[in-house]
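Participant: coords please:
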Amino acid sequence: MVFSGPCERSGNSFSWTYAKPAGYQRCFRGLKHDVSAELGHADGGRKVIPPILRPMNLLARFLGGISERVLAVLFAVTAAQFPVYYLAYENTLAGVQLEAGARYQELLREATQLHLEVEDFIRRHEDNADAVFQASGRIHRSTLERYRRYTAMQEALRAAPAWERPLALARNFDPALHGALHFQPGLPLTLEAGAYALAGVLLAWLLTGLIGMGLRPAARSA
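Facilitator: Got it, this is the predicted structure:
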């Protein structure tokens, strides 16, 4: 097809009258730019949101602002409870360790009267051919293991500094102890609780930012 005149526009349509391919390319670029501008994809090289997506964008920004504040408060209050829970868990562990220690002292006295170490005393019960002694050996073994375990957990929780306590609790968490403790949520006005509350706010801000980036409609440029 051969065009014989300049490129002209009439309304929303174009007519090409160039005979050279370069004229066709210039008109095609002009048509693409005008159509993109009418759709809202570009405005002088500036990224804009198409009109059909603007209500969705406003709704997403509104909900994002509300969710950011709600999550910030929720994370701050939840994080501030950590020192209270940590203390309650530690107190419950102390009670369990005290009971295990009393059992261990009884076992130690029995072994000492026979001039035996605790481990030798237990092993003789376990290696005995009599089923009754084997059963008592299993009980003594459980007593020793519980004492060692709860003592190690208690020492780890007490030695952990404030910034390492979440990891220390995760490493020494026992569902049975969690079920036994009586935790009452509170809002302690301490420096440690404030630090955890601030960490909760920062975490909420990070999560809402990532969620907002995923929900924000992508703007296209010409």
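
Participant: quick one, longest helix in the protein?
Facilitator: Secondary structure of the chain read by DSSP state H shows that its longest helix is helix 82-113.

Participant: Quick one: residues in contact with the helix or strand that comes right after that helix.
Facilitator: Going down the chain from helix 82-113, the next helix or strand is helix 118-127, by DSSP states H and E. By CB atoms under 8 Å, 6 or more residues apart in numbering, the list of residues contacting helix 118-127 from outside reads 104, 107-108, 110-111, 114, 116, 133-134, 136-138, 140-141, 144. No exception for glycine: its C-beta is placed from N, CA and C like everyone else's.

Participant: What ranges in the protein fall below the confidence cut-off?
Facilitator: Counting by pLDDT under 70, the chain has low-confidence residues at 1-78, 186-201, 204-205, 208-222.

Participant: those strands in it, which residues are they?
Facilitator: 8-10, 13-15, 42-43, 46-47 (DSSP state E).

Participant: ok, for N128, nearest residue in space, not its chain neighbours?
Facilitator: With CB to CB, 6 or more residues apart in numbering as the criterion, N128 has its nearest non-adjacent residue at 6.2 Å, and that residue is Q134.

Participant: got a list of what that neighbour touches?
Facilitator: Contacts of Q134 by CB under 8 Å, 6+ apart are 125-126, 128.

Participant: By neighbours, which of the residues you listed wins?
Facilitator: H125 (18 neighbours; other CB atoms under 10 Å).

Participant: Give the closest residue to it in space, chain neighbours not counted.
Facilitator: The nearest residue in space to H125 (CB to CB, 6+ apart) is G137, at 3.0 Å.

Participant: Look at that neighbour and say how many residues are nearby.
Facilitator: Burial of G137 is recorded as 18 neighbouring residues (other CB under 10 Å).

Participant: what does M153 give?
Facilitator: M153, neighbours per other CB under 10 Å, totals 22.

Participant: Please tell me how far it sits from D127.
Facilitator: In this view, M153 and D127 are 30 Å apart by CB to CB, to the nearest Å.

Participant: doesn't N128 make contact with the residue nearest to H125?
Facilitator: Yes - if you go by CB atoms under 8 Å, G137 and N128 touch, sitting 7.2 Å apart.
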